[in-house]
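Trainee: Sequence first, predicted coordinates after that:
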Amino acid sequence: MTETTLKKIYRFPLKGFPGQELASAKLTAGAGIPNDRRYAVTKGVSDTKEWMPSRSFFINARVDGMSKFKCDFDGETIHLENILGKKLKFKLDNQASLDAANSEITDFMQPVTLEELSPPPQILDRGEGSVWDYIDTPISIINAESVKALDKKLGTQLDPLRFRGNLIISDLLAWEEFSWMGKRIQIGETILDVHRPIDRCPTPGVNPETGERDVEVTPGLRDYFGHIYCGMYANVIQGGEIKPGDKITVIADADIKLETTLVSNASNYALWPRMTEVTACQTDGNKTTITLKTVCPWQLPPAHTGHRLKLHLGTQGWIQHQIISATDKEFVIEIEDNKTTDPITNNFVKDVSIGNKILITGPYGKV
């Protein structure tokens, strides 16, 4: 079996602006890539001095043209250039330099500002706290094979950089990264706990080279795969150096409790794609009964008879069928023969066997 490999490392010193590919990175426990998302430009809000949601800032999901800016960071100074050629720079850990940049930032952001903002834009420095999308997401991981699977459906050749992840990995089956939920992995010298799948906003629709919105990536995920997730968030447990070419190994269950991952603005737990294994499969008369056991150490979302479960079958598409019994570790679904007129369901019932890995979300519906 091919070993999973760290392919590329990225950091984004100024949130929403273009990022940098790194030859290596030194990680420390509880933090992200050094200086990743350390800075952000406010958009009509005041600094709360605490973690702030992404909508507080100039970001690709909400503002067109952000990827047309230039951002370079030499380790000491951040150099910026807008699409009109105006330049701006400021030094790390230098308040006077940051104040000088903030005196010009309103004019600098003018090419992508459609209204007069009050309060005006300001560059915030969050230090090691960083301006992550969620309060608990210092590291984001993107599986290049999952992006390729999306390409096949969209007829595109998407650069994984569209997803603005810190770590691009390769040699892992498409969507297999979801099996890492609640698991501990090792990359080079570092150890990370993987916790939540990444729900995608409109950002991946922006071409990182042209800055234009040219592909409906998130709707494509929903239409072809039945969910809007791509990638996983992780926390650094043991620091060390990482570099492209490092092998990635799942070494244990994560030392993190489910309830700590359910932050206030996270998506519904039932919607998180999770990997299951078929532990029983029986055809009796006009119905097939299938038992799906989670491979995640955390319990499944509460479910009852009559709820529906989505089965996400990769490039084949997705299907939805009724749960007939459930525990915190297993869901049992039933598929009647009259439902197999759907070609995806028909092929699934014909090919399913014990040991198969099936990606699921749910439960859905009311009972």
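Mentor: Good, I have the coordinates. Residues are numbered from 1 along each chain as shown.

Trainee: what residue ranges in this structure are flagged as low confidence?
Mentor: In the predicted model, the chain carries pLDDT under 70 at residues 1-2, 339-340, 367.

Trainee: What sits closest to residue 107 if chain neighbours are left out?
Mentor: Nearest-residue entry for residue 107: residue 86, 7.2 Å, with adjacent residues in sequence omitted and distances by CB to CB, 6 or more residues apart in numbering. Bear in mind the C-beta positions are built from the backbone N, C-alpha and C, glycine included.

Trainee: Tell me how many other residues surround the one you found.
Mentor: Residues lying near residue 86 (other CB atoms under 10 Å) number 14.

Trainee: So which bits of the helix or strand encompassing residue 151 are buried?
Mentor: Using DSSP states H and E, residue 151 sits within helix 144-154. Residues of helix 144-154 classed as buried under the neighbour-count rule (16 or more other CB atoms under 10 Å) are 144, 145, 146, 147, 149, 150, 154.

Trainee: Can you name the element that comes right after that helix?
Mentor: Proceeding N to C from helix 144-154, the next assigned helix or strand is strand 167-170, under DSSP H and E.

Trainee: can you tell me which residues contact residue 100?
Mentor: For residue 100, the contacting residues are residue 90, by CB atoms under 8 Å, 6 or more residues apart in numbering.

Trainee: Just confirm the residue nearest to residue 107 contacts residue 109, I think it does.
Mentor: No: in terms of CB atoms under 8 Å, residue 86 does not count as a neighbour of residue 109; the distance is 9.8 Å.

Trainee: which stretches of this structure form helices?
Mentor: 95-102, 105-108, 144-154, 217-225, 258-261, 343-351 (DSSP state H).

Trainee: Distance from the chain centre to the fourth one, please.
Mentor: The reference is to helix 217-225. 14 Å (CA atoms, centre = their mean, to the nearest Å).

Trainee: Who are the packing partners of it?
Mentor: For helix 217-225, the helices and strands in contact under the criterion 3 or more CB pairs under 8 Å, 6 or more residues apart in numbering; DSSP states H and E are helix 144-154.

Trainee: would you put the C-alpha positions of the helix it packs on in CSV?
Mentor: Extracted as CSV, the C-alpha positions of helix 144-154 are listed here (Å, rounded to 0.1, in the frame of the first residue of the first chain):
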residue,chain,number,x,y,z
ALA,A,144,-4.9,16.2,-3.5
GLU,A,145,-6.7,13.0,-4.5
SER,A,146,-10.1,14.4,-3.3
VAL,A,147,-9.5,17.5,-5.4
LYS,A,148,-8.8,15.3,-8.4
ALA,A,149,-12.0,13.4,-7.8
LEU,A,150,-13.9,16.7,-7.9
ASP,A,151,-12.0,17.6,-11.1
LYS,A,152,-13.3,14.4,-12.8
LYS,A,153,-16.9,15.6,-12.1
LEU,A,154,-16.4,19.2,-13.0
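
Trainee: Just want the angle from it to helix 217-225.
Mentor: Orientation of helix 144-154 against helix 217-225 (axes from the mean of the first three to the mean of the last three CA atoms, to 10 degrees) gives an angle of 80 degrees.

Trainee: Outside of helix 144-154 itself, list whatever touches it.
Mentor: Taking CB under 8 Å, 6+ apart as the rule, helix 144-154 contacts 7, 156-158, 160, 162-163, 168-177, 215, 217, 220-221, 224-225, 230-231, 314-315.

Trainee: Please spell out the PyMOL selection for the buried subset of the residues you listed.
Mentor: Selection of the buried residues among those in PyMOL, burial being defined by 16+ other CB under 10 Å:
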select buried, resi 7+158+160+162+163+168+169+170+171+172+173+174+175+177+215+217+220+221+224+225+230+231+314
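
Trainee: which stretch among the helices of the chain comes nearest residue 125?
Mentor: helix 95-102 (6.2 Å; CB to CB).

Trainee: Buried residues, the closest one. List them.
Mentor: Counting neighbours by 16+ other CB under 10 Å, one finds that the buried residues in helix 95-102 are 98, 101, 102.

Trainee: need the contact list for residue 172.
Mentor: Listed by CB under 8 Å, 6+ apart, the contact partners of residue 172 are 4, 143, 145, 248.

Trainee: Can you pull the phi/psi pair for the most far-flung residue of the chain relative to its centre?
Mentor: Among the residues of the chain, the one whose C-alpha is farthest from the average of all C-alpha positions is residue 285, by CA atoms, centre = their mean at 42.2 Å. In terms of degrees, to the nearest 10, the main-chain angles of residue 285 are phi 70, psi -120.
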